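Visitor: quick one: sequence plus predicted model below, questions after.
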Amino acid sequence: MARRATDADNDDEWDDGDAEWGEDEDDGDEPSTIPCPYCRSEIHEDSPRCPRCERYLSSEDAPPARKPWWLIAGVIAGLACVYFWVVG
C-alpha cells in the first residue's frame, strides 16, 4: 500500500536559505525613473503623466480633446439658418 506524504515529510525539502516569498533579487530600493520629455523632472517609469507639469506622456493616455466652442456655435447657427430657410 502507498504511503501518503505529510507535512512532516515536506519540512525536510524546505531550504531556509531561499529568498523570501515576493522578493526580487534584482530590485533595488529606488524605483526606476525617467526624465519627463517636457519638463525634464524625474518621474516613475510607468506613470501616465508628469506630476510636475501635468502633461500626459503619450497620446493614448490623454483624455480626448474637446471641440472648440466657436465650432459648435457655428454648427448650431448653420443648422438654424437651414431650418428657417426650409420652414420660412
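Guide: Ah, there it is. All figures in this text were calculated on a predicted structure; none of them were measured in a lab.

Visitor: what's the neighbour count on the nearest residue to residue 47 once chain neighbours are set aside?
Guide: Computed as Cβ to Cβ, 6 or more residues apart in numbering, the closest residue to residue 47 that is not its neighbour in sequence is residue 57, at 7.3 Å. In this view, the C-beta of every residue, glycine as well, is placed from N, C-alpha and C. A count of nearby residues for residue 57, using other Cβ atoms under 10 Å, gives 16.

Visitor: next up, the contacts around residue 57.
Guide: 36-37, 47-50 (Cβ atoms under 8 Å, 6 or more residues apart in numbering).

Visitor: and the pLDDT at it?
Guide: Predicted confidence (pLDDT) for residue 57: 83.

Visitor: quick one, phi psi at residue 83?
Guide: phi -60, psi -50 (degrees, to the nearest 10).

Visitor: do you know how far it is from residue 69?
Guide: Using Cβ to Cβ, to the nearest Å, we find residue 83 at a distance of 21 Å from residue 69.

Visitor: likewise residue 34?
Guide: On the measure of Cβ to Cβ, residue 34 and residue 69 end up 36 Å apart.

Visitor: so for the two, which sits in the more crowded spot?
Guide: Set residue 34 next to residue 69 and count neighbours by other Cβ under 10 Å: residue 34 wins out with 12 against 8.

Visitor: wait, the more buried one sits on residue 46?
Guide: No: look at residue 34 against residue 46 with Cβ atoms under 8 Å: they stay out of range, at 9.7 Å.

Visitor: ok, what's across the strand from residue 33?
Guide: On the basis of DSSP bridges, residue 33 takes part in beta bridges with residue 44.

Visitor: ok, it - contacts?
Guide: By Cβ under 8 Å, 6+ apart, the neighbours of residue 33 are 42-45.

Visitor: which of those count as buried?
Guide: The neighbour count (16 or more other Cβ atoms under 10 Å) marks residue 43 as buried among the contacts of residue 33.

Visitor: and which of the contacts of residue 33 is nearest to residue 87?
Guide: Among the contacts of residue 33, residue 43 lies closest to residue 87 (Cβ to Cβ), at 57.1 Å.
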